[in-house]
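Enquirer: Output the structure for:
(one chain, ligands or ions: 1)
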Amino acid sequence: MSLVLEPGTRLVVATHNPGKARELAEILEGRFTLVAAGELGLPEPEETEATFVGNAMLKARAAADASGLIALADDSGLSVTALGGAPSVYSARWAGPGKDFGVAMEKVRARLEETGATDMSAWFTSALAVAWPEGPAVVVEGRVDGTLTFPPRGDLGFGYDPIFIPEGHDLTFGEMAPRTKDGMSHRARAFVKLKAALL
Ligand code: ITT
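Expert: Purely as a prediction, here's the structure:
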């Protein structure tokens, strides 16, 4: 089997996060026919791995084997230098069961205050995995560095976007037009690598 993604291939996008699904669709720019995991009623697997790469593989594998379609999954998160890289793979869990990222961003701010940190540097990571049903899989990782700012600014993105200013810019990801974020995001950078590997 050759690991090539032909244009127009039906791909199940193995995410239940609408912000992510929208960005992946923008980044893929109509190259594939996308099917949402939710549309197929696929369950949300438990993310038991300790790395972005491990969890992306786990999600892509579960969706591919359950649907019989090639699956694309993203596992991503924010890492804060002064917090030893947290929340990392726990980024979604910091928002609690209500998935409230106001709560998660406040938790980051409070933890930084507790540690008395002055270093506000942070980065986002995205691992993108593609898995063939009962077959092989490929995974890549992209990263964008930046600085945290409080209080949160902008409502254009999702998750931690309102507190993250990418390096070399003044606006937070929450204030940027989606296309601008897509030009530099961790997810877009991972996709450049995926293209090199599979397209
Ligand atoms: P799926 O597993 O169904 O894809 P999820 O939200 O649980 O959805 P993750 O486990 O990968 O996804 O959690 C990553 C969290 O990190 C996500 O919920 C966001 O809050 C945050 N995150 C990831 N990428 C982000 C981005 O581009 N901007 C802001 N926050 C982001």
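
Enquirer: all contacts plus neighbour counts: C-alpha atoms, from now on.
Expert: Will do.

Enquirer: What average pLDDT does stretch 122-138 get?
Expert: Here stretch 122-138 scores 97 as its mean pLDDT.

Enquirer: tell me how far the ends of that stretch are from each other?
Expert: End-to-end distance of stretch 122-138 (Cα to Cα, to the nearest Å): 27 Å.

Enquirer: Name the surrounding residues that touch stretch 38-53.
Expert: 15-16, 37, 55, 58-59, 62-63, 66-67, 75-76, 89, 125-129, 139-141 (Cα atoms under 8 Å, 6 or more residues apart in numbering).

Enquirer: Identify the residue nearest the geometric centre of this protein.
Expert: Centroid-nearest residue in the chain, with Cα atoms, centre = their mean: residue 76, separated by 3.6 Å.

Enquirer: what's the pLDDT at the residue located most distally from the centre of the chain?
Expert: Using Cα atoms, centre = their mean, the residue of the chain lying farthest from its centre is residue 116. It sits 28.6 Å away. Residue 116 carries a pLDDT value of 95.

Enquirer: likewise residue 21?
Expert: 95.

Enquirer: one step back: so the spatially closest residue to the residue nearest to the centre of the chain that is not a sequence neighbour is in which element?
Expert: Excluding its sequence neighbours, the residue lying closest to residue 76 (Cα to Cα, 6 or more residues apart in numbering) is residue 126, at 4.2 Å. Element membership for residue 126 (DSSP states H and E) is strand 121-131.

Enquirer: Low-confidence stretches in the protein?
Expert: 1-2 (pLDDT under 70).

Enquirer: Close to the ligand: what parts of it are there?
Expert: Remark: the part of the chain in contact with the ligand comprises 15-17, 74-78, 91-92, 158-161, using Cα under 6 Å from any ligand atom.

Enquirer: Narrow the residues you listed to those that are buried.
Expert: 15, 74, 75, 76, 77, 78, 91, 92, 159, 160, 161 (16 or more other Cα atoms under 10 Å).

Enquirer: Perfect, that will be all.
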